[in-house]
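Peer 1: 3D model of this:
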Amino acid sequence: MTQAAHPKRIAIASLMQETNTFSPLPTTVETFASYYIHRGDAMLTGYGDARVEVPAIVGGLREAGHVPVPLIAAYAAASGTVTRAAFDALVGEMEERLRAAGPVDGLILALHGALVVEDEPDGDGEVIARMRSILPAEVPIGVSLDLHGHITPLMLQDNTFHIGYREYPHIDMFETGARVATLMSDTLAGRRRPVMALAKAPVLVPAVCGRTTDGPLADIVAAAREAEAGGAVLHASIFPVQPWIDVPDLGFAALVCADGDAAAARDVAERLCAMVLDRRDAFDLGLTPLDEVIALGLASDGMTLVSDTGDAPTGGSAADSAAVLRGVIAGGADRSDRLSLLTLCDPAGAEAAHRAGQGATITVPLGHAFSVADGDPVTVTAQVLSLSDGDYVMRDAGANGLRIAMGPTAVLGIGGIRVLLRSRPSMEWDTGMYLSQGLDPAEAALVFVKSPSHFRVSFGPMAARILLADTPGPTRADVRKLPYRRVTRPLSPLDEIAGQGT
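Peer 2: Coordinates of the predicted model:
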């Protein structure tokens, strides 16, 4: 990055949450605080070694000779709709800090793109619009977005550019922040004149087969990279979208940034959307019934890695479904001499284990602590094998270095079954989740992870096979089974769409 001749003051703020409107968990200020809220200068040090957007933005601006002006950064992993009170409290503080910062030359926002407020389907668009209304028109805003953002015209404020993740599984969050910092520096120096174009297609790309590395989406990703490499555009971002939000105009988006050439950006965006529309029937879910998964894993050599697709907390579930626990008991995993590992969020169960103490035997109902309408708990008699505070640092590619707090945590043994029982529905991307509790996934017959795709990066290399279990819940892979009411129809795969398809 070229060193700035005249250092600029660049404000930085972040509000990141991926909403699942089918989740039973409302998102409040306390939800954000359970992950992190960094205020002012704490943004400069509070991330530790985590390779996520804000540290990359800060480092990139400093490398260019600019002065980062930190405002506020708040993060909550995917969960239910954000309350208006929580949203206004955090965005209101962002506004206050931006005004108090004095004149700035630019603003960078690290957002997710799929934040839904209880009375506003486009929370990220509202954030951008509220910041835009404070700043002079000539002050640019740069925005980083998750690849699963729900992109809307409200986000396309004047003199505002956007760059999304390129990778799913998400391994380029840090690199995306760095790209935004570079383009901001180039814009302020007059080397670039970013203009945006948005195109959309009425297609939901299932998260379980929406990887950028292989499958039907890979060709579309390659086309985006080719457009960038050919110089037609600066950044071609695709957004397969968070499919578990029931909002109008939901669907695949291409958001393209060009250097002063709006027509070129529009051409690339429309081409990418045409490609996904043409491939809409190629997204094969590849699901296996849960009982077949369990039987295969117990009977096969090596470790069988299984996605509990319907209960993924990084998609907004409560991570409290008892479907897998009920299934492994019914399948005889408790009587096996090989281990089966699974997780469950149940604060009352974890509390009971801590109260009884390590080594105790307890009888306790587990599951559906939050999703009470979606199933019944399973009552088990188990030995408390270990207890912890549930804190660990992610170690694998992606958000490595990020500190995770599972809350009071216990490992319960039910014969050959190990239940990692935690108090918070934290993300399940990283092998550190199990390893921090003394459980080695490589040594098990069956390992369940509540994640649709990212788990492949960390757990995948140790697996003999990877299966996607067809499990119920607010992140279920077959979105045709979810009760959408507000989406704009027709929408694939909920509806047949006329025209060419594969």
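
Peer 1: Show me how the record splits this protein into domains.
Peer 2: Per automatic domain parsing, the structural domains of the chain span 9-192, 195-234+243-282+479-502, 287-477.

Peer 1: I'd like these as CSV, with mean pLDDT and mean neighbour count appended.
Peer 2: Every residue, glycine included, has its C-beta placed from N, CA and C. Shown next, in CSV, are those (pLDDT from 0 to 100; neighbours: other C-beta atoms under 10 Å):
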stretch, mean pLDDT, mean neighbour count
domain 9-192, 96, 21
domain 195-234+243-282+479-502, 93, 18
domain 287-477, 95, 21
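
Peer 1: residues contacting the most centrally placed residue in the chain?
Peer 2: Nearest residue to the geometric centre of the chain (C-alpha atoms, centre = their mean): Thr314, 5.1 Å. Going by C-beta atoms under 8 Å, 6 or more residues apart in numbering, Thr314 touches 18, 77-78, 427-429, 451-452, 454.

Peer 1: Ramachandran coordinates for it?
Peer 2: Dihedral angles of Thr314 (phi, psi; degrees, to the nearest 10) stand at phi -70, psi -10.

Peer 1: now it: how far from Ala86?
Peer 2: 20 Å (C-beta to C-beta, to the nearest Å).

Peer 1: Can you tell me, leaving aside adjacent residues, what's nearest to the residue nearest to the centre of the chain?
Peer 2: The spatially closest residue to Thr314, leaving aside those adjacent along the chain, is Met427, at 4.7 Å (C-beta to C-beta, 6 or more residues apart in numbering).

Peer 1: so that neighbour sits right up against Ala77, yeah?
Peer 2: Yes: if you go by C-beta atoms under 8 Å, Met427 and Ala77 touch, sitting 5.3 Å apart.

Peer 1: Of the contacts of Thr314, just say which sits nearest to Pro24.
Peer 2: Ala78 (13.0 Å; C-beta to C-beta).

Peer 1: separation between the closest one and Glu126?
Peer 2: Per C-beta to C-beta, Ala78 is found 19 Å from Glu126.

Peer 1: Over to Phe370?
Peer 2: 27 Å.

Peer 1: circling back to that earlier point, looking at the contacts of Thr314, which one is closest to Leu482?
Peer 2: Here the nearest of those to Leu482, counting by C-beta to C-beta, is Pro452; it sits at 14.1 Å.

Peer 1: Am I right that the closest one is in a strand?
Peer 2: No: counting by DSSP: H, G, I helix; E, B strand; the rest coil, Pro452 falls outside a strand, being coil.

Peer 1: Now do it against Ser426, distance only.
Peer 2: 16 Å.

Peer 1: Please apply the same query to Ser340.
Peer 2: Counting by C-beta to C-beta, the gap from Ser340 to Ser426 is 21 Å.

Peer 1: cool, Val104 as well?
Peer 2: Val104 is 34 Å from Ser426, by C-beta to C-beta.

Peer 1: now do Leu366
Peer 2: With distances taken as C-beta to C-beta, Leu366 is found 17 Å from Ser426.

Peer 1: Please enumerate residues in contact with the lengthiest strand in the chain?
Peer 2: Longest strand of the chain, by residue count under DSSP state E: strand 378-388. Contact with strand 378-388 is made by 322, 325-326, 329, 353-354, 356-367, 408-414, 418-419, 436-438, as judged by C-beta under 8 Å, 6+ apart.

Peer 1: At which residues are the strands of the stretch 1-150 of the chain located?
Peer 2: Ranges of strands within the stretch 1-150 of the chain are 9-16, 36-39, 67-75, 106-111, 141-145, based on DSSP state E, counting those that start in this stretch.

Peer 1: oh sorry, the question was meant for the stretch 301-450 of the chain
Peer 2: Counting by DSSP E, counting those that start in this stretch, the strands of the stretch 301-450 of the chain are 304-308, 340-345, 361-366, 378-388, 391-393, 403-405, 409-414, 417-422, 446-449.

Peer 1: so which of these comes closest to Leu198?
Peer 2: Here strand 304-308 is closest among the strands of the stretch 301-450 of the chain (C-beta to C-beta), at 31.3 Å.

Peer 1: who does the closest one touch, helix- and strand-wise?
Peer 2: With contacts taken as 3 or more C-beta pairs under 8 Å, 6 or more residues apart in numbering; DSSP states H and E, strand 304-308 sits against helix 290-299, strand 446-449, strand 465-469.

Peer 1: I'd like to know which of these is closest to Ser336.
Peer 2: helix 290-299 (5.5 Å).

Peer 1: shouldn't Leu156 be in contact with Ala199?
Peer 2: No: using C-beta under 8 Å as the test, Leu156 is too far from Ala199 to be in contact (11.8 Å).

Peer 1: now the contacts of Thr314 as a markdown table including distance to Glu167?
Peer 2: Below are the contacts of Thr314 laid out as a markdown table (distance: C-beta to C-beta, whole Å):
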| residue | distance to Glu167 |
| --- | --- |
| Glu18 | 16 |
| Ala77 | 19 |
| Ala78 | 18 |
| Met427 | 16 |
| Glu428 | 18 |
| Trp429 | 13 |
| Ser451 | 15 |
| Pro452 | 15 |
| His454 | 10 |
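
Peer 1: and which of those residues is nearest to Met94?
Peer 2: Glu18 (18.5 Å).

Peer 1: So for Ala11, which of the strands of the stretch 301-450 of the chain sits nearest?
Peer 2: Ala11 lies closest, by C-beta to C-beta, to one member of those: strand 403-405, at 25.2 Å.

Peer 1: Show me where the stretch 201-350 of the chain has its helices.
Peer 2: Using DSSP state H, counting those that start in this stretch, the helices of the stretch 201-350 of the chain run over 216-229, 262-278, 290-299, 323-330, 347-356.

Peer 1: Ala33: which of these is closest?
Peer 2: With C-beta to C-beta as the yardstick, what comes closest out of these is helix 347-356 (16.4 Å).

Peer 1: Next, find the distance separating His112 from Gln157.
Peer 2: From His112 to Gln157 the distance is 17 Å (C-beta to C-beta).

Peer 1: picking up where we left off before, could you export the helices of the stretch 201-350 of the chain to CSV, including columns for distance to Thr176?
Peer 2: Below are these laid out as CSV (distance: least, C-beta to C-beta, whole Å):
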stretch, distance to Thr176
helix 216-229, 14
helix 262-278, 18
helix 290-299, 34
helix 323-330, 33
helix 347-356, 34
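
Peer 1: For Thr31, which of those is the nearest?
Peer 2: Among those, the nearest to Thr31 by C-beta to C-beta is helix 347-356 (14.0 Å).

Peer 1: Which elements pack onto that closest one?
Peer 2: Secondary elements touching helix 347-356 (3+ C-beta pairs under 8 Å, 6+ apart): strand 361-366, strand 378-388, strand 409-414, strand 417-422.

Peer 1: any chance of the ones you listed in JSON lines, plus distance to Leu71?
Peer 2: As requested, these are arranged in JSON lines below (distance: least, C-beta to C-beta, whole Å):
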{"stretch": "strand 361-366", "distance to Leu71": "42"}
{"stretch": "strand 378-388", "distance to Leu71": "34"}
{"stretch": "strand 409-414", "distance to Leu71": "33"}
{"stretch": "strand 417-422", "distance to Leu71": "32"}
